[in-house]
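# need a 3D model of the sequence below.
(one chain, ligands or ions: 1)
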Amino acid sequence: MNKIAAGRRVAVRIRKRFAPPLPRPMKLPTAAVFLFAFLLAAQVYARRAPDITVAPAGWGLASAGEVRAVFVSAAGEIWKFCSDTKLGGISVFHRDDHPQTEWERGAGGRIVIGIAARDRHCAQMAFQFAHEFCHALVAHSNDWRRKWREEGKPNHWLEESLCETASLFTLRAMARSWQTSAPDREWASYAPEFAKYAQERMAASSRVGAFAPWFRRNEAAMRRNPSMEEKNVVVAARLLPIFEEDPRGWEAVTFMNLGEHDRRMPLSRFLAEWHRNCPPRLREFVARVALALDVRL
Ligand SMILES: [Zn+2]
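Numbering: from 1, shown residues only. Sure thing, here's the model as predicted:
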């Protein structure tokens, strides 16, 4: 036996001595507990990261992977408070005109969102996606076919204002979270941009004075045209502190638009229906939103 062969035999003996014992086959109850724990962990992980796919083209200087990381991060700031909500997968594509969430689902039952931001405009991208993600929660969560999903709803301005609130909420949350846990360490430098973008967006709302008289003057116009951003942001600035104090309220928006299809429905009745359609634990939150809009439920 030469030296090399002898060395190999010693090495095999050492390995045998220090090799960990082979695991014994698990008993059935133990295996079941492990399987259950694994499935639960997988489910929790799946819940934490919304299922978002991004079309490869149209994002200019940004890659689809970078864009997707921003969308996942933005959606996550709201999604983490929606522990009991079911939402389908989301397919995002770039469109040149304006961001939009489709009323109807696309191929494979996926929610379809178009985003107009591109290149490295990270704050704008997060802002637009958070707005559309809120529309997805309102229109496509849980038993989504039961929801009133079409143009011409008289209180649709409130949904638009809540989606504006979602954008402000998300940017302010990302300004904090990206300081320590941005998707890429180098992206932490974007964190102050998020706060600045939200602040600039809200600046005009402080110039309208007291909310109640402003709202009385503007509600009729908002019922006619729900997409006036300069008005929706005034409502959003009013509602933002309520969501920042109790972010579980994001789950409450999933219970909107389950009431009567009445094109003349006053705000008070719309809010009362929303309140009634929420599970009891979320009703107090809707009552706070109503009070901020001068409606007592
Ligand atoms: Zn919108």
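# whichever helix or strand residue 284 is part of - what's its average pLDDT?
For residue 284, the host element (DSSP states H and E) is helix 280-292. For helix 280-292, the mean per-residue pLDDT is 98.
# for it, what is the distance to the chain centroid?
For helix 280-292, the distance from its own C-alpha centre to the chain's C-alpha centre is 20 Å (Cα atoms, centre = their mean, to the nearest Å).
# got the contact list for that helix?
Here helix 280-292 makes contact (Cβ atoms under 8 Å, 6 or more residues apart in numbering) with 211, 238-239, 242, 246, 248-249, 251-252, 255, 271, 274-275, 278, 296-297. All C-beta atoms are positioned from the backbone trio N, CA, C, and that covers glycine.
# by neighbour count, which of the residues you listed wins?
Of all the contacts of helix 280-292, residue 252 has the most neighbours under the rule other Cβ atoms under 10 Å, reaching 27 neighbours.
# and the gap between that residue and residue 80?
If you measure residue 252 against residue 80 using Cβ to Cβ, to the nearest Å, the figure is 15 Å.
# can you pull the residues of this structure lying near the ion?
Taking Cβ under 5 Å from the ion as the criterion, the neighbours of the ion within the chain are 160, 163.
# which stretches of the chain have low pLDDT?
Per-residue confidence for the chain (pLDDT under 70) gives these ranges: 1-48.
# apply 90 and report the result again.
Scanning the chain for pLDDT under 90 picks out 1-50, 143-146, 149-152, 204-207, 259-260, 297.
# now the strands for it?
Using DSSP state E, the strands of the chain run over residues 52-54, 90-94, 100-101, 111-115.
# just name the most buried of those strands.
With neighbours defined as mean count of other Cβ atoms under 10 Å, those peak in mean count at strand 111-115, which reaches a mean of 23.
# for that strand, packing partners?
Using 3 or more Cβ pairs under 8 Å, 6 or more residues apart in numbering; DSSP states H and E, the elements in contact with strand 111-115 are strand 90-94, strand 100-101, helix 122-140.
# what angle do it and helix 122-140 make?
Compare the direction of strand 111-115 with that of helix 122-140 by axes from the mean of the first three to the mean of the last three Cα atoms, to 10 degrees and you get 150 degrees.
# can you put the helices and strands packed on strand 111-115 in TSV and add distance to residue 170?
Rendered in TSV, the data for the helices and strands packed on strand 111-115 read as follows (distance: least, Cβ to Cβ, whole Å):
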stretch	distance to residue 170
strand 90-94	15
strand 100-101	15
helix 122-140	4
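# what sits against the residue nearest the centre of the chain?
Computing the C-alpha centroid of the chain and ranking residues by Cα atoms, centre = their mean puts residue 75 first, at 3.2 Å. Taking Cβ under 8 Å, 6+ apart, we find residue 75 in contact with 50, 52, 90, 129-130, 133.
# tell me the one of those nearest residue 234?
residue 130 (18.3 Å; Cβ to Cβ).
# so residue 227 touches residue 160, yeah?
Yes - with contact defined as Cβ atoms under 8 Å, residue 227 reaches residue 160; the gap is 5.9 Å.
# tell me which of these two has more neighbours.
Here residue 227 and residue 160 are set side by side on neighbour count (other Cβ under 10 Å), and the busier one is residue 160, at 24 against 11.
# residues in contact with that one?
Taking Cβ under 8 Å, 6+ apart, one finds 226-227, 232 in contact with residue 160.
# nearest to the ion among these?
Of all those, the ion sits closest to residue 227, with 6.7 Å by Cβ to the ion.
# and the closest one, backbone torsions?
For residue 227, the backbone dihedrals are phi -110, psi 30 (criterion: degrees, to the nearest 10).
# and it, what does it touch?
By Cβ under 8 Å, 6+ apart, the residues touching residue 227 are residue 160.
# kindly list the longest helix within this structure.
Taking DSSP state H as the assignment, the helix of the chain that covers the most residues is helix 156-181.
# to the chain's geometric centre, what's the distance from stretch 136-153?
Per Cα atoms, centre = their mean, the displacement of stretch 136-153 from the mean C-alpha position of its chain is 16 Å.
# go on, stretch 290-297?
Centroid displacement of stretch 290-297 relative to its chain, using Cα atoms, centre = their mean, is 25 Å.
# shouldn't residue 79 be in contact with residue 50?
Yes - Residue 79 sits in contact with residue 50 when judged by Cβ under 8 Å, with a separation of 5.2 Å.
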